[in-house]
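1. Would you be able to build a 3D model of this:
(one chain, ligands or ions: 1)
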Amino acid sequence: MHYDVLVVGGGFAGMYSVYRLRNQGLTVKCLEAGSDVGGTWYWNRYPGARCDVPSLEYSFGFSEELQQEWDWPEVFSAQADILAYANHVADRFDLRRHIQFNTRVTATEYQEDGNLWCLTTDGGEKFTARFCIMATGCLSVPNKPELPGAESFSGQVLHTGLWPKDTVDLQGKRVGVIGTGSSGVQTIPELARQAEHLTVFQRTPVYTVPANRKAMRAAVQQEFRENYSQIREGQQHNFGGTSQFSPVKSVKRKSPDATKKIPANILELTPDERNEIVASRGLGVLLSFRDVYSDLEANSAANAAYREGVRKMIDNPDVAEKLLPKTYGLGCKRQVLDRDYYATFNRTDVTLIDLQHDPLISITPTGVQTEAGLTELDVLVYATGFDAMTGALLRAGIRGRAGLSLNDKWRDGPVAYMGLQANGFPNLFTVTGPGSPSVLCNMLVAIEQHVNWIGDCITYLDDNQLTTIEATAAAEVSWVSHVNEVARGTMFTAPTCNSWYLGANIEGKPRIFMPYVGGFPRYRQYCEEVVADGYKGFECSA
Ligand code: NAP
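-> Below is the predicted model:
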């Protein structure tokens with residue numbers, strides 16, 4: 001079956017690609033492994049899953065009608081509400097008829113002769129197109145570490161990133177969870193509420209601050225609706241792609257204490273003052289000091305105040321000490337937001353096992369064996385994250401010119417031009433690929449910008465009777481060195497920091513900082529300049 005464009009992935013990036021390219025008169029087919037739309041929000045159905053970007057901003061801006069009609073029940077939405085939104089978008093714009101579900105792409109091969117991308121699926125079907133868009137997501141391949149004896153476990157095994165659609169009944173069950181990143185931190189309080197007993201296996205303690213738990217007020221939503229053009233414009237100029245729009249008409253007056261000014265920098269405060277401010281305003285206040293992310297002394301002052309704050313929240317001092325992050329600083333990993341995380345460890349039906357001091361020996365048929373003993377379990381939950389940024393691309397069997405494999409090209413880390421294309425792979429685009437702001441930006445804003453860029457690029461080629469576009473080797477090398485240059489010296493790349501941004505969570509993965517940390521506006525400007533310069537850094541041919 002032949003189309004103008006093939007899109008791999010039916011999450012938000014794939015859905016918008018279908019909408020945008022169909023609207024410019026192209027024939028489009030999207031192939032999606034899941035049974036429905038939603039991507040991340042389709043797969044991550046674990047109890048407690050929710051977004052860490054406000055919903056009024058984490059939403060599409062391409063349709064005025066859409067943003068006027070959709071109601072968000074909470075300021076930061078739960079997974080079910082975001083998935084409902086994805087379904088609404090699919091229905092409203094009649095996207096499903098372009099999407100083939102339950103279809104995983106196993107090979108993505110360029111046929112030089114006909115200038116075609118040929119995709120093979122797990123069902124043995126073949127699709128061809130002139131253009132291929134990999135809308136495969138940045139956090140879409142679950143990481144399940146190979147733990148000794150894992151296959152022998154006789155109970156139920158779950159992964160937060162592949163949570164079943166059917167309700168999982170944990171009542172009366174002894175549940176274990178491995179991992180305390182964003183997914184673990186979100187699900188642990190919920191699992192504790194549902195299970196008879198929860199055991200948390202923690203390898204590295206996390207910095208987490210309380211999430212905003214407010215219900216959406218109709219007046220706030222209305223004010224956003226009235227100002228959406230200004231908000232979408234604001235997103236384009238904000239480092240992380242959120243507008244920072246503050247409703248003025250509908251805001252509630254804050255208490256005098258909450259509005260009391262705090263200094264810009266944490267180093268302006270004495271250690272006692274830092275602890276007092278954390279005690280009165282909560283751990284989240286530490287994120288508001290400017291110097292915490294740019295000055296190592298300030299960072300270590302914030303880390304100390306954080307630890308002091310946590311000590312006060314945990315009843316058992318031994319448990320508190322285990323929960324304190326000590327080996328890396330705030331800001332090195334993506335900030336985690338929680339609801340009742342620390343309070344959960346004060347429950348009598350929750351046990352914390354610190355794998356640093358009580359290492360995991362093996363998984364057994366009945367539970368998890370650590371040095372100190374066996375924890376018997378009925379259910380084992382892996383909250384062990386993802387093979388991020390490159391994982392899905394490297395599993396799609398991508399081969400370009402002369403059979404060049406993307407896996408070979410990226411053996412020492414991803415090399416791509418602006419996270420949009422790689423040399424050797426003409427007419428193949430990646431949405432929010434490595435080297436673009438992607439996960440450091442509001443994803444919906446990053447997705448729309450990339451898909452619009454790709455759509456405009458295809459129009460440019462067609463208008464100029466050009467058939468291929470390909471990033472040059474020189475352009476991608478110079479872009480990668482710019483990406484590294486911008487990341488150098490930030491908390492993200494500190495030697496003590498081992499995050500998935502660096503691929504450090506996957507054994508054997510090259511340690512490279514993958515997203516672009518120079519900010520969305522700067523990145524967007526580069527993209528615009530490239531176009532204004534006649535697609536500088538790309539080679540187009542007729
Ligand atoms: P993650 O941040 O990579 O955390 C994985 C956890 O599993 C870590 O605690 C890790 O410990 C542990 N782990 C991995 N392998 C292990 C092993 N062999 N033994 C013991 N522990 C092991 O993954 P995530 O929590 O799924 O989050 C990934 C990203 O997804 C987030 O940073 C965020 O961008 C996104 N996300 C966002 C939200 C939200 O919007 N609120 C929610 C969930 C996820 P180590 O630290 O020691 O490696």
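2. Can you give me the neighbour number for Glu476?
-> 23 (other Cβ atoms under 10 Å). Glycine gets a C-beta too; all of them are placed from N, C-alpha and C.
3. Would you confirm that Ala13 contacts Ser140?
-> No. Using Cβ atoms under 8 Å, Ala13 makes no contact with Ser140, being 10.2 Å away.
4. The protein against the ligand: which residues are in contact?
-> Counting by Cβ under 6 Å from any ligand atom, the chain comes close to the ligand at 50-52, 139, 145, 178-184, 186, 203-204, 334, 337, 355, 383-386, 439, 500, 505.
5. Which one's more surrounded, Ala13 and Ser140?
-> Ranked by neighbour count (other Cβ under 10 Å), Ala13 and Ser140 place Ala13 first, with 28 against 24.
6. can you pull the contacts of that one?
-> 39, 135, 137, 431-432, 447, 450-451 (Cβ atoms under 8 Å, 6 or more residues apart in numbering).
7. do the same with Val8
-> Val8 neighbours (Cβ under 8 Å, 6+ apart): 14, 30-31, 105, 108, 119, 132-136, 396.
8. rerun at 7 Å
-> 31, 105, 134-136, 396 (Cβ atoms under 7 Å, 6 or more residues apart in numbering).
9. Gly367 and the ligand, how far apart?
-> From Gly367 across to the ligand, the span is 15 Å (Cβ to the nearest ligand atom, to the nearest Å).
10. For Lys504, which non-adjacent residue is spatially closest?
-> Actually, residue 504 is Ala. It isn't Lys. Leaving aside its sequence neighbours, Ala504 sits nearest to Asn498 (Cβ to Cβ, 6 or more residues apart in numbering; 3.9 Å).
11. Which residue ranges make up the domains of the protein?
-> 2-52+98-141+387-541, 150-217+257-382 (automatic domain parsing).
12. Would you tell me which one of those is buried the most?
-> Stretch with highest mean neighbour count among the domains of the chain: domain 2-52+98-141+387-541 (a mean of 20; mean count of other Cβ atoms under 10 Å).
13. pLDDT on that one, on average?
-> Mean pLDDT, domain 2-52+98-141+387-541: 97.
14. Give me the distance between the two termini of that domain.
-> This stretch, domain 2-52+98-141+387-541, spans 22 Å end to end (Cα to Cα, to the nearest Å).
15. One more: stretch 457-469?
-> Stretch 457-469: ends 9 Å apart by Cα to Cα.
16. again with stretch 73-80
-> End residues of stretch 73-80 are separated by 11 Å (Cα to Cα).
17. Give me the contact list for it.
-> Residues from elsewhere that reach stretch 73-80, judged by Cβ under 7 Å, 6+ apart: 41, 44-45, 49-52, 54-55, 81, 211-212, 214-216.
18. what comes up buried for it?
-> Residues of stretch 73-80 classed as buried: 74-79 (neighbour count, 16 or more other Cβ atoms under 10 Å).
19. and that stretch, what's its mean pLDDT?
-> Per-residue scores along stretch 73-80 average to 96.
20. Residue of the stretch 351-500 of the chain nearest the ligand, please.
-> Residue nearest to the ligand within the stretch 351-500 of the chain (Cβ to the nearest ligand atom): Gly385, separated by 2.6 Å.
21. Grab the nearest non-local neighbour of that residue.
-> Asn143 (4.9 Å).
22. Now do the contacts for the one you found.
-> By Cβ under 7 Å, 6+ apart, the contact set of Asn143 is 384-387, 505-506.
23. rerun at 8 Å
-> Asn143 touches 384-387, 391, 505-506, counting by Cβ under 8 Å, 6+ apart.
24. can you tell me which residues contact the closest residue to the ligand within the stretch 51-200 of the chain?
-> Closest contact between the stretch 51-200 of the chain and the ligand, by Cβ to the nearest ligand atom, is at Gly181 (2.1 Å). Counting by Cβ under 8 Å, 6+ apart, Gly181 touches 206, 333, 336, 383, 385.
25. what would those look like in a markdown table with secondary structure?
-> Shown next, in a markdown table, are those (DSSP: H, G, I helix; E, B strand; the rest coil):
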| residue | secondary structure |
| --- | --- |
| Val206 | coil |
| Lys333 | coil |
| Val336 | strand |
| Ala383 | coil |
| Gly385 | coil |
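26. In those, find the pair that's most separated.
-> Lys333 and Ala383 (14.4 Å; Cβ to Cβ).
27. which stretches of the stretch 1-150 of the chain form strands?
-> Secondary structure of the stretch 1-150 of the chain (DSSP state E, counting those that start in this stretch): strands at 2-8, 28-31, 99-100, 105-111, 116-121, 126-134.
28. just checking, what packs against the last one?
-> This means strand 126-134. On a contact count with 3 or more Cβ pairs under 8 Å, 6 or more residues apart in numbering; DSSP states H and E, strand 126-134 meets strand 2-8, helix 12-23, strand 28-31, strand 105-111, strand 116-121, strand 428-430, helix 443-463.
29. and which of the contacts of Asn143 is nearest to Arg225?
-> Among the contacts of Asn143, and counting by Cβ to Cβ, the member closest to Arg225 is Phe386, at 34.0 Å.
30. contacting residues for the spatially closest residue to the closest one that is not a sequence neighbour?
-> Leaving out its chain neighbours, the residue that sits closest to Phe386 by Cβ to Cβ, 6+ apart is Leu139, at 4.4 Å. Residues in contact with Leu139 (Cβ under 8 Å, 6+ apart) are 40, 161, 385-386, 388, 439, 500.
31. how many other residues sit next to Glu146?
-> The number of residues packed near Glu146 is 7, by other Cβ under 10 Å.
32. The one 3 residues further on now?
-> Counted with other Cβ under 10 Å, the neighbours of Gly149 add up to 14.
33. Quick check: the gap between it and Gly367.
-> Between Gly149 and Gly367 the distance is 10 Å, computed by Cβ to Cβ, to the nearest Å.
34. now do Arg311
-> From Arg311 to Gly367 the distance is 30 Å (Cβ to Cβ).
35. same check, this time on Ala305
-> Taken as Cβ to Cβ, the span from Ala305 to Gly367 is 37 Å.
36. which SS class is Val531?
-> Assignment for Val531 (three-state DSSP): helix.
37. dump the residue contacts of it.
-> 453, 456-457, 460.
38. got it, and Cys332?
-> Per Cβ under 8 Å, 6+ apart, neighbours of Cys332: 491-492, 494, 496-497, 499.
39. May I see the residues you listed arranged in TSV, with distance to Pro271 as well?
-> Output for those, formatted as TSV (distance: Cβ to Cβ, whole Å):
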residue	distance to Pro271
Met491	21
Phe492	26
Ala494	22
Thr496	22
Cys497	24
Ser499	28
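40. Kindly indicate which of those residues lies nearest Pro521.
-> Set against Pro521, the nearest of these by Cβ to Cβ is Phe492 (18.6 Å).
41. Make sure that closest one is actually in contact with Val517.
-> Yes. In this structure Phe492 lies within contact range of Val517 using Cβ under 8 Å: 6.3 Å.
42. closest to Arg290 out of the helices and strands packed on strand 126-134?
-> helix 443-463 (23.6 Å).
43. Compute the inter-axis angle for that closest one and helix 12-23.
-> Taking axes from the mean of the first three to the mean of the last three Cα atoms, to 10 degrees, one finds that helix 443-463 is oriented at 30 degrees with respect to helix 12-23.
44. on contacts alone, who are the packing partners of helix 443-463?
-> helix 12-23, strand 126-134, strand 428-430, strand 468-471, helix 520-532.
45. circling back: can you give me phi and psi for the residue of the stretch 351-500 of the chain closest to the ligand?
-> Per-residue torsions, Gly385: phi 80, psi -150 (degrees, to the nearest 10).
46. which residues touch it?
-> Applying Cβ under 8 Å, 6+ apart to Gly385 gives the contacts 139, 142-143, 161, 179, 181, 183, 500, 505.
47. Distance to Val477 added to those residues, as TSV?
-> Listed next are the contacts of Gly385 as TSV, based on distance: Cβ to Cβ, whole Å:
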residue	distance to Val477
Leu139	27
Pro142	32
Asn143	29
Gly161	33
Gly179	36
Gly181	32
Ser183	35
Trp500	24
Asn505	26
